[in-house]
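Undergrad: predicted model and sequence follow; I will ask about them next.
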Amino acid sequence: MDKRFYKPLAWILLILFFGFLLVGESSGQTACDAIPKQIIVDVINQSDIAAVATQYGLEATPIDQIGSPPSYRMRIRDDNPQNPCAIQAAMQGDARIAKSEVNRRLSSFELEGLPWTIGHSWAIGHSWAIGGSVKGYMRNWFPATIRLAQAHQINRGTRVDNGQPVVVAVLDTGIDPDHPQFAGRLVPGWDFVSNDNDPREVGVLRQNPVYGHGTHVSGIIALTAPEAKIMPIRVLDQNGEGDLWRVVAAIIWAANHGADVVNISFGYNVEPLLLKNLLHNCDVPPPGTQLFPELNGNKLVVVSGAGNGGNANPVFPAGTRIDPQLGVGASTRLEHLATFSTMSPENGTRFIQAVAPGENIVSTLPGGRYGMWTGTSMAAPIGAGIAALTKAQFPALTPHLLVEQIAATGIEWRCIHPTRGPIRTNRVDAFCSITNNTACGVNPDACSQ
């Protein structure tokens, strides 16, 4: 065959190959990690929402809306085959649209198999010698590290101004409300998965990979701030997954039902803009930020886990430096940075302001059990518990100032890690936080391995 035939044939085959790749990417049905048939849209002029809906194949009437100017949650019409990610990409550059995003899925940090987190499994009675029982729970190693006994001599979670308990909302997989450790420690919560007032965990032990996650997180808060109340809010299903709109609604619900602190032990590797704007509104939002009158002026401290990526890649919402938010990484029993913990580098935006113990933490599990779990999901509730103690002792502190006090009063870590490079953060200290001691100490060996 004439060689001149092969050259154009090769070009045709190459074009067809890349054409198939582009078609595959544009359909992207499996790559779009979002709630199907939904998209979130902000328009500059609200009168344009109907025209925008028509152009992009959305139903004319929004599912609902939130914020001011409003974010509309829109449903994609059944005759529109595009997925939310493709529609969101097509909206870029449309002068009528201020911003758009998909109703992104958010996942527990300890859900194994995520591409952006190492993940850590757990076991009932991981080591009975260390403690998979109530005795092990009460003898956890982390209280001595953060000087919890000394802090409890001053405050255990009851406000000094009015004698009321500080309330910590736990946004997670729910809780086992019948566990003995929660007797008298709960206030009413809500289930945003089933949309009812019973935020009980759903699943089967050892079968659903994150069953017990919310109960474990709540038990850590109960141990750290024993007189604080826990508000259980279920936003993650039995697979450890939630979505952006549900989380935003849950934070607003918590604020309007008396929460002072919110614990978030989940995240995503792409920043959800709606959640970022809402968290800014939990104190005084920067000029030009979307407002949320639904909060009714209520202020919140938000404590978020850093993520388990084992690198400096931000996981959100902790990956954004927001005034009323404390991003928390994980430290080990030996006072080193946990290998799995996400940590921001010193030469960039320090979105992780503090670390807390997150290795082999014994806490509560459904069915009156106890177990050991590892991850930044365990570090965050220690930070949330310290936030509750500090709020109780200094009730007039704004969320921004309270976060600053916790971060500024810890044990200073400023060193060069052999694999992470320069690190600057503080390991939380309960006693220094509630005494506002900014000369708490320095750990020169924090970057040792």
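TA: Thanks, I have the structure now.
Undergrad: so R350 is in which element?
TA: Here R350 is covered by no helix or strand, with elements defined by DSSP states H and E.
Undergrad: give me the neighbour count for it.
TA: Neighbouring residues of R350 were enumerated by other Cβ atoms under 10 Å; the total is 16. For the C-beta atoms, the positions are set from N, CA and C on the backbone; glycine is no exception.
Undergrad: how about I230?
TA: 28.
Undergrad: quick check: mean pLDDT of the helix or strand hosting it?
TA: Using DSSP H and E, I230 sits in strand 229-234. For strand 229-234, mean pLDDT is 98.
Undergrad: show me what it packs onto, helices and strands only.
TA: strand 167-172, strand 190-191, helix 213-224, helix 244-256 (3 or more Cβ pairs under 8 Å, 6 or more residues apart in numbering; DSSP states H and E).
Undergrad: where's Q290 relative to P199, distance?
TA: 28 Å (Cβ to Cβ, to the nearest Å).
Undergrad: compare these two (neighbour count), which wins?
TA: P199 (28 against 21).
Undergrad: hang on, F142 packs against I382?
TA: Yes. With contacts counted by Cβ atoms under 8 Å, F142 reaches I382, the gap being 6.4 Å.
Undergrad: compare those two (neighbour count), which wins?
TA: I382 (34 against 22).
Undergrad: tell me the contacts of G57?
TA: G57 makes contacts with 76-77, 79-80, 82, 87, as judged by Cβ atoms under 8 Å, 6 or more residues apart in numbering.
Undergrad: rerun that using 6 Å as the cut-off
TA: Contact partners of G57, counting by Cβ atoms under 6 Å, 6 or more residues apart in numbering, are 77, 80.
Undergrad: same deal with L278?
TA: Contacts of L278 by Cβ under 6 Å, 6+ apart are 248, 292.
Undergrad: shouldn't it be within a helix?
TA: Yes. Counting by DSSP: H, G, I helix; E, B strand; the rest coil, one finds L278 located in a helix.
Undergrad: and it, what pLDDT?
TA: pLDDT, read off for L278, is 98.
Undergrad: just to revisit the earlier point, out of the helices and strands packed on strand 229-234, flag the one nearest S448.
TA: Closest approach to S448 among the helices and strands packed on strand 229-234 is made by helix 213-224 (26.2 Å; Cβ to Cβ).
Undergrad: same for the closest one, what does it pack against?
TA: strand 167-172, strand 361-365, helix 376-393 (3 or more Cβ pairs under 6 Å, 6 or more residues apart in numbering; DSSP states H and E).
Undergrad: run the last query once more with 8 Å
TA: Checked by 3+ Cβ pairs under 8 Å, 6+ apart, helix 213-224 has helix 134-138, strand 167-172, strand 229-234, strand 361-365, strand 369-373, helix 376-393 packed alongside it.
Undergrad: quick check: which ranges of the stretch 1-150 of the chain have low pLDDT?
TA: 1-30, 115-116, 119-132 (pLDDT under 70).
Undergrad: oops, could you answer that again for the stretch 201-350 of the chain instead?
TA: Residues of the stretch 201-350 of the chain that meet the cut-off, pLDDT under 70, do not exist.
Undergrad: what is in contact with F142 and I382 at once?
TA: Listed as contacting both F142 and I382 by Cβ under 8 Å, 6+ apart are 356-357.
Undergrad: and of the helices and strands packed on strand 229-234, who's closest to S100?
TA: Per Cβ to Cβ, nearest to S100 of those: helix 244-256, 12.4 Å.
Undergrad: now for the closest one, which elements pack on it?
TA: Against helix 244-256 (3+ Cβ pairs under 8 Å, 6+ apart) you get strand 38-43, strand 64-66, strand 105-108, strand 167-172, strand 229-234, strand 261-264, helix 273-280.
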